[in-house]
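>>> Predicted model and sequence follow; I will ask about them next.
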Amino acid sequence: MILVVVGSLWACALAFIAQQAATTAPSHIIRIDARLVLLHATVTDGNGNAVSGLGLSAFRLFVDDQPHPIRL
């Protein structure tokens, strides 16, 4: 009898915690829709030296595995 009561209480506690987690959004998540994002890129070679003179065609931008155009 004691095991059944403890098991039932444990199941109720887990259900309550799961419900709280599902209804309470973490405060550190920020969602923003943006049409323009400025990116700074630094390219280095295998020795850590900066590589300069790269044109736009040397870069590709992917968001969620989908290619997006880069505009200056």
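All right, it came through fine. Residues are numbered from 1 along each chain as shown.
>>> where in the protein is pLDDT low?
Along the chain, segments meeting pLDDT under 70 span 1-26.
>>> Which stretches in the chain count as strands?
Remark: strands assigned in the chain by DSSP state E are 61-63, 66-68.
>>> Sheet-wise, list the partners of the last one with their directions.
Applying DSSP bridges, strand 66-68 is found paired with strand 61-63 (antiparallel).
>>> Would you mind listing the outside residues contacting the partner strand?
Here strand 61-63 makes contact (Cβ atoms under 8 Å, 6 or more residues apart in numbering) with 39, 67-70. In this view, the C-beta of every residue, glycine as well, is placed from N, C-alpha and C.
>>> Tell me how far residue 60 lies from residue 37.
Note on residue 60: its distance to residue 37, by Cβ to Cβ, to the nearest Å, is 15 Å.
>>> Over to residue 65?
Taking Cβ to Cβ, one finds residue 65 at 17 Å from residue 37.
>>> can you put the strands of the chain in JSON lines and add distance to residue 51 and mean neighbour count?
Output for the strands of the chain, formatted as JSON lines (distance: least, Cβ to Cβ, whole Å; neighbours: other Cβ atoms under 10 Å):
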{"stretch": "strand 61-63", "distance to residue 51": "18", "mean neighbour count": "10"}
{"stretch": "strand 66-68", "distance to residue 51": "22", "mean neighbour count": "9"}
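>>> In the sheet, which residues pair with residue 61? Tell me.
Beta-bridge partners, per DSSP bridges, of residue 61: residue 68.
>>> circling back: which one, of the strands of the chain, ends up nearest to residue 27?
strand 61-63 (25.0 Å; Cβ to Cβ).
>>> which ones are touching residue 69?
If you count contacts by Cβ under 8 Å, 6+ apart, then residue 69 has residue 61 around it.
>>> Distance-wise, check it relative to residue 47.
32 Å.
>>> same deal with residue 41?
From residue 41 over to residue 47 the distance is 18 Å, taken as Cβ to Cβ.
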